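K.L.:
Fold the following.
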Amino acid sequence: AAAADAGPELRRSSSIDRIPAEARRILHRLAGELWGADVDPAALVVSQLKGALTNEVFRITWPGGEGDPRKVLVRIYGQGVEVFFDRADEVRTFECMSRHGQGPRLLGRFPQGRVEEFINAR
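P.N.:
Purely as a prediction, here's the structure:
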């Protein structure tokens, strides 16, 4: 059962170092805005998710009470995808959909990616 519960994680790490500094600043701000917590960076759990074709995707989890959904998704844009699609168009489309309540909420942007609402899916 434990393996089935692991879901889409590729690997788990308590190190936030793999996340760009700009994204870390957004994560600290979000902790206060969303949960009123001053979160210790060492307490964050970073889980890299598999299945993304052109990006690196991480689930960031804050310690919280039972059933407390303290999770967000950090998406770091992949390089060299211009051959397949226009990244600026993709970002504008995501932002528009987020503003209109379609899909995950955009919680923050940084030069190499964005922070999104985490939606559990199987």
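K.L.:
how close does residue 105 get to residue 79?
P.N.:
Going from residue 105 to residue 79 by Cβ to Cβ, to the nearest Å gives 26 Å. Where C-beta positions appear, they are placed from N, C-alpha and C, glycine not excepted.
K.L.:
So for the two, which residue has more residues nearby?
P.N.:
Taking neighbours as other Cβ atoms under 10 Å, residue 105 and residue 79 compare with residue 105 leading, 14 against 9.
K.L.:
The more buried one and residue 97 touch, don't they?
P.N.:
No - using Cβ atoms under 8 Å, residue 105 makes no contact with residue 97, being 9.9 Å away.
K.L.:
what helix or strand does residue 25 sit in?
P.N.:
Using DSSP states H and E, residue 25 maps to helix 21-35.
K.L.:
and the residue lying closest to residue 61 once chain neighbours are set aside, what pLDDT?
P.N.:
Distance criterion Cβ to Cβ, 6 or more residues apart in numbering; nearest residue to residue 61, sequence neighbours excluded, is residue 45 at 4.4 Å. The model reports residue 45 with a pLDDT of 86.
K.L.:
Just give me the neighbour total for residue 45.
P.N.:
The burial count for residue 45: 17, using other Cβ under 10 Å.
K.L.:
Surely it and residue 60 touch.
P.N.:
Yes - with contact defined as Cβ under 8 Å, residue 45 counts as touching residue 60 (7.3 Å).
K.L.:
buried stuff in the strand or helix carrying residue 116?
P.N.:
Assigned by DSSP H and E, residue 116 falls within strand 113-117. Of all the residues in strand 113-117, those buried under the rule 16 or more other Cβ atoms under 10 Å are 113, 114, 115, 116.
K.L.:
Quick check: the farthest pair among the residues you listed?
P.N.:
Across these, the longest distance by Cβ to Cβ is 9.5 Å; it joins 113 and 116.
K.L.:
Need the overlap of contacts for the two.
P.N.:
Common neighbours of residue 113 and residue 116, counting by Cβ atoms under 8 Å, 6 or more residues apart in numbering, are 74, 75.
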